[in-house]
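**Student:** The following block contains a protein sequence and its predicted model.
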Protein chains: 2
Amino acid sequence: MPKMNGNFSKLEKNYLFINIAQKVNAFKQANPDADIIRMGIGDVTLPIAKPVIDAMKKGADEMGVKETFRGYEDSGAGYDFLKEQIAAYYKSFGADVKASEIRINDGAKSDCGNIQDIFAEDNVVLVTDPVYPVYVDSNVMSGRKIICADSNEENGFAAMPDGNVHADIIYLCSPNNPTGSAYTKDQLKVWIDYAIANGAVIIYDAAYEAFITDPDIPRSIFCVEGARKCAIELCSLSKTAGFTGMRAGYTVIPDELEFPTSDGSMVSVSQIWGRRQGSKFNGVSYPVQCAAYAVFTEEGMRATRENIAYYQENAKIMTDTLTRLGIQFTGGVNSPYVWFKCPNGMTSWEFFDYLLANACVVGTPGAGFGKNGEGWFRLTAFGDRDRTIEAMQRLEKLIGSAS
Amino acid sequence: MPKMNGNFSKLEKNYLFINIAQKVNAFKQANPDADIIRMGIGDVTLPIAKPVIDAMKKGADEMGVKETFRGYEDSGAGYDFLKEQIAAYYKSFGADVKASEIRINDGAKSDCGNIQDIFAEDNVVLVTDPVYPVYVDSNVMSGRKIICADSNEENGFAAMPDGNVHADIIYLCSPNNPTGSAYTKDQLKVWIDYAIANGAVIIYDAAYEAFITDPDIPRSIFCVEGARKCAIELCSLSKTAGFTGMRAGYTVIPDELEFPTSDGSMVSVSQIWGRRQGSKFNGVSYPVQCAAYAVFTEEGMRATRENIAYYQENAKIMTDTLTRLGIQFTGGVNSPYVWFKCPNGMTSWEFFDYLLANACVVGTPGAGFGKNGEGWFRLTAFGDRDRTIEAMQRLEKLIGSAS
């Protein structure tokens, strides 16, 4: 009889955001007239820019004509026209990445979850806590040992490495999900030096790079010296261009990155990942790749930057409210996430229920992201302007009157 | 230092089809004027039907308007509008599958490769040989023991189970890739009885079901009694509707399917798979799901059936040629694949090189699919009509003159 993978029993039964969705649905059923404002899941709300939609439709039309129809890609790694555009995008903020080092995927979450396939099971995984659950869950499923570096009030929710602790695989997310903190170039250099000293690999999630405004915060780990010797970068168009429902992202593995396999011989990380993807993935939909291409054109960049500016203004409205209320927070700058301390000593889930019941606002309990998240709460700036203002007014009324 | 997954060194360095692409590219560079006909990789050539393209464009337009924009799906399992359409499609050929038992994916290859994540590593995997490489490679990467049931000349390349051999996870593909053979209802019943007696799970790849014309050949394993107790079915729109470059498929797991986990307690396969997908996948592009929906409408079905009929006529041209040449084959009926014995005792790769060099026709060496494939060769009926005729004329000239 087949035995199921027992590691799944070590996971929470449901993914955090599915739990939240279920709680919200239950509340909706009990309160059908409630005017709920969702600021929980990190999903965008603005429509996709017109040049991007037009490019997708053009790609779709090509699929309907014999001469321009496209089937399987030879490599499944993405079309050169898109990869070259992304390489130029990297260059625009000072990261030197070759088109051939980029692989297109159906969103960073897939690669983020699947990348662990290529590493042995006895590696020690280091995550910063609070943490995006995918880093942990995908490694728990494979039975790996996971250790944490604490992101907390003391370090501004930007954990730094401890030279006395050994790790083989390090997950970093900057700007951070969920805390909104972002590493400076100097801080990232410390992580890179630590990784090289440990011979470790850094899996760097840059999904929120488009929100960076501060020139001291690198848009890519490959803006920092030494990264090519130790880092893999994952990025996504979800937040850059509203692709949460379109599904496209990319992964960068430097050509020179190599690590030993079980017999001690060195192997190319890029080649092993290519082999994994060649067997378990078949590339991204051609019209989606056409849409992604358009994001990186001048016209597409202009249009998508307008959407990001809109969300950044939302974030400012949120942080202004928290400042007025005297609530401690991180993020909101260089990040679409605002991470704040639950008022009146409430736990994260207590505040979740309190906010939902009394203000009909949905957020994400910090405790869902790890032990250092307890007592903290995440709201996203991806909402509608009017709804963001409305939510902040409700919050101000609720907390102002309670305190 | 991170150790790479050592199981990768047990794989061929490249995925079969990437090897072939490299060989063909080398030939092209050496012979820039060669008029190459590609009948190797199982890729379609006809454009996607107009109602399907129109639906995708409509979906793209919705993504460009705030009121109809769609971001993340709550579940990532696919929209109900599509799943209900697929459930109705199943019903049309006598398989009772609930919409809620279907999960939409970005092509069957992904789920086919990833499904092994949910099983323990010490399960014994049974594949029929010759075999679609993904079943083997994805399990080799996880270090599982793999055993084979032989598909060969004696059994018409339709392997049947050996009651004396134990297996936990059984991969079946019918109509078969690469051999084109298809199991009858009675044969599938034998496999199901064997699986139930072993307490095994069958992972059933139905990617080519749309090519079935014989009423004795079931379009789904769920047309056969007992399948709900032991089977997971994977299917794809790649061959049904030319989606190789569009990327959509679906996986069916019956609600009642459960197996023990490491502590002996029974767990729901569907729930564990949902947990896996919830952590490592984020759903399929909305406009792609709109396109997939249109495939299953009356208009879409009519249009896609025309394409399949075209490929079926190609297959007939190919099998007629082989019959004239006195070459033994399977497939071509109920299947887009024609699987034949290499002439003059050549090995599969010898014939690959011979055919490429002397007829500029690319096929797939049977040996690439396993030991029983040695001396056999696969051609696909997915080509252009004129090119298929031309390829068969070249083959007839080459083999006719050589024999």
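**Tutor:** Sure, I can see it.

**Student:** Can you get me a residue count around A:A21?
**Tutor:** 18 (other C-beta atoms under 10 Å in any protein chain shown). Placement of C-beta: from N, CA and C, glycine included.

**Student:** which phi and psi does it have?
**Tutor:** Dihedral angles of A:A21 (phi, psi; degrees, to the nearest 10) stand at phi -60, psi -40.

**Student:** Could you double-check that it sits in contact with B:D74?
**Tutor:** Yes: taking C-beta atoms under 8 Å as the definition, A:A21 is a contact partner of B:D74 at 5.0 Å.

**Student:** if you skip the residues just before and after it, what's nearest to the residue nearest the centre of chain A?
**Tutor:** With distances taken as C-alpha atoms, centre = their mean, A:A207 lies nearest the centre of chain A, 4.3 Å away. In this structure, A:A207 finds its nearest non-sequential neighbour in A:S236, 4.5 Å apart by C-beta to C-beta, 6 or more residues apart in numbering or on different chains.

**Student:** and what of A:A294?
**Tutor:** That would be A:A55: by C-beta to C-beta, 6+ apart, it lies 3.5 Å from A:A294.

**Student:** which SSE is the one you found in?
**Tutor:** Per DSSP states H and E, A:A55 falls inside helix A:50-63.

**Student:** Could I get the buried residue list for the helix or strand that that helix is followed by?
**Tutor:** Next helix or strand after helix A:50-63 toward the C-terminus (DSSP H and E): helix A:80-92. By neighbour count on 16 or more other C-beta atoms under 10 Å in any protein chain shown, the buried set for helix A:80-92 is A:L82, A:K83, A:E84, A:Q85, A:I86, A:A87, A:Y89, A:Y90.

**Student:** any idea of the mean pLDDT in helix A:80-92?
**Tutor:** The predicted model assigns helix A:80-92 a mean pLDDT of 98.

**Student:** Put the alpha carbons of that helix into CSV.
**Tutor:** C-alpha atoms of helix A:80-92 as CSV (Å, rounded to 0.1, in the frame of the first residue of the first chain):
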residue,chain,number,x,y,z
ASP,A,80,14.5,35.0,-25.4
PHE,A,81,12.5,38.1,-26.2
LEU,A,82,11.3,38.2,-22.6
LYS,A,83,14.5,37.1,-21.0
GLU,A,84,16.5,39.8,-22.8
GLN,A,85,14.0,42.4,-21.7
ILE,A,86,14.3,41.3,-18.1
ALA,A,87,18.1,41.3,-18.3
ALA,A,88,17.9,45.0,-19.5
TYR,A,89,15.6,45.7,-16.5
TYR,A,90,18.2,44.3,-14.1
LYS,A,91,20.8,46.4,-15.8
SER,A,92,18.7,49.6,-15.3
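
**Student:** Packing partners of that helix?
**Tutor:** strand A:102-105, strand A:249-252, helix A:286-295 (3 or more C-beta pairs under 8 Å, 6 or more residues apart in numbering or on different chains; DSSP states H and E).

**Student:** right, and those - which one's nearest B:A231?
**Tutor:** strand A:102-105 (29.6 Å; C-beta to C-beta).

**Student:** Give the pairing partners of that closest one; include direction for each.
**Tutor:** Note on strand A:102-105: by DSSP bridges, its sheet partners are strand A:249-252 (antiparallel).

**Student:** Extract the CA atoms of the partner strand and return them as CSV.
**Tutor:** Extracted in CSV, the C-alpha atoms of strand A:249-252 (Å, rounded to 0.1, in the frame of the first residue of the first chain):
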residue,chain,number,x,y,z
GLY,A,249,7.8,35.4,-12.6
TYR,A,250,11.5,34.6,-13.1
THR,A,251,14.4,33.0,-11.4
VAL,A,252,18.0,34.0,-11.8
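
**Student:** OK, contacts around A:E121?
**Tutor:** Remark: with contacts taken as C-beta atoms under 8 Å, 6 or more residues apart in numbering or on different chains, A:E121 is in contact with A:S142, A:G143, A:R144, B:N5.

**Student:** tell me, which helix in chain A spans the most residues?
**Tutor:** In chain A, assigned by DSSP state H, the helix with the most residues is helix A:298-325.

**Student:** for it, which positions count as buried?
**Tutor:** A:300-301, A:303-304, A:307-308, A:310-312, A:314-315, A:317-319, A:321-322, A:325.

**Student:** average pLDDT for it?
**Tutor:** 97.

**Student:** which helices and strands sit right next to that helix?
**Tutor:** For helix A:298-325, the packing partners by 3+ C-beta pairs under 8 Å, 6+ apart are helix A:50-63, helix A:238-241, helix A:286-295, strand A:329-331, strand A:337-341, helix A:385-402.

**Student:** need these in TSV with mean pLDDT and mean neighbour count, can you?
**Tutor:** Compiled in TSV, these are given as follows (pLDDT from 0 to 100; neighbours: other C-beta atoms under 10 Å in any protein chain shown):
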stretch	mean pLDDT	mean neighbour count
helix A:50-63	98	22
helix A:238-241	94	26
helix A:286-295	98	27
strand A:329-331	98	25
strand A:337-341	98	25
helix A:385-402	92	16
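
**Student:** Domains of chain A: list them as residue ranges, please.
**Tutor:** Chain A breaks down by automatic domain parsing into domains covering A:14-43+A:300-402, A:50-296.

**Student:** among those domains, which is nearest B:D386?
**Tutor:** Among the domains of chain A, domain A:50-296 comes nearest to B:D386, with 11.9 Å by C-beta to C-beta.

**Student:** Span of the closest one from start to end?
**Tutor:** 13 Å (C-alpha to C-alpha, to the nearest Å).

**Student:** go on, stretch A:5-19?
**Tutor:** End residues of stretch A:5-19 are separated by 22 Å (C-alpha to C-alpha).

**Student:** Can you list the neighbours in contact with that stretch?
**Tutor:** By C-beta under 8 Å, 6+ apart, stretch A:5-19 touches A:22, A:40-41, A:133, A:137, A:140-143, A:364, A:368-369, B:74-75, B:117-121, B:261-263, B:267, B:271-272, B:275-276, B:278-279.

**Student:** Quick check: buried residues in that stretch?
**Tutor:** For stretch A:5-19, by 16+ other C-beta under 10 Å, it's A:N5, A:G6, A:N7, A:F8, A:L11, A:Y15, A:L16, A:F17, A:I18.

**Student:** Among those residues, which pair sits farthest apart?
**Tutor:** A:G6 and A:F17 (24.4 Å).

**Student:** thinking the residue nearest to A:A294 is in contact with A:Y286, fair?
**Tutor:** No: between A:A55 and A:Y286 there is no contact under C-beta under 8 Å: 11.1 Å.

**Student:** Could I get the phi/psi values of A:S285?
**Tutor:** phi -50, psi 130.

**Student:** didn't it look like it was pressed against B:C290?
**Tutor:** No: between A:S285 and B:C290 there is no contact under C-beta under 8 Å: 11.8 Å.

**Student:** Distance check, A:P133 against B:S279.
**Tutor:** Counting by C-beta to C-beta, to the nearest Å, the gap from A:P133 to B:S279 is 7 Å.

**Student:** before we move on, back to that, sort out which of the contacts of A:E121 are buried, if you could.
**Tutor:** Buried among these (16+ other C-beta under 10 Å): A:S142, A:R144, B:N5.

**Student:** Phi and psi next, for the last one.
**Tutor:** Note on B:N5: backbone dihedrals following degrees, to the nearest 10 are phi -60, psi 110.

**Student:** Quick check: the gap between it and A:V267.
**Tutor:** 10 Å.
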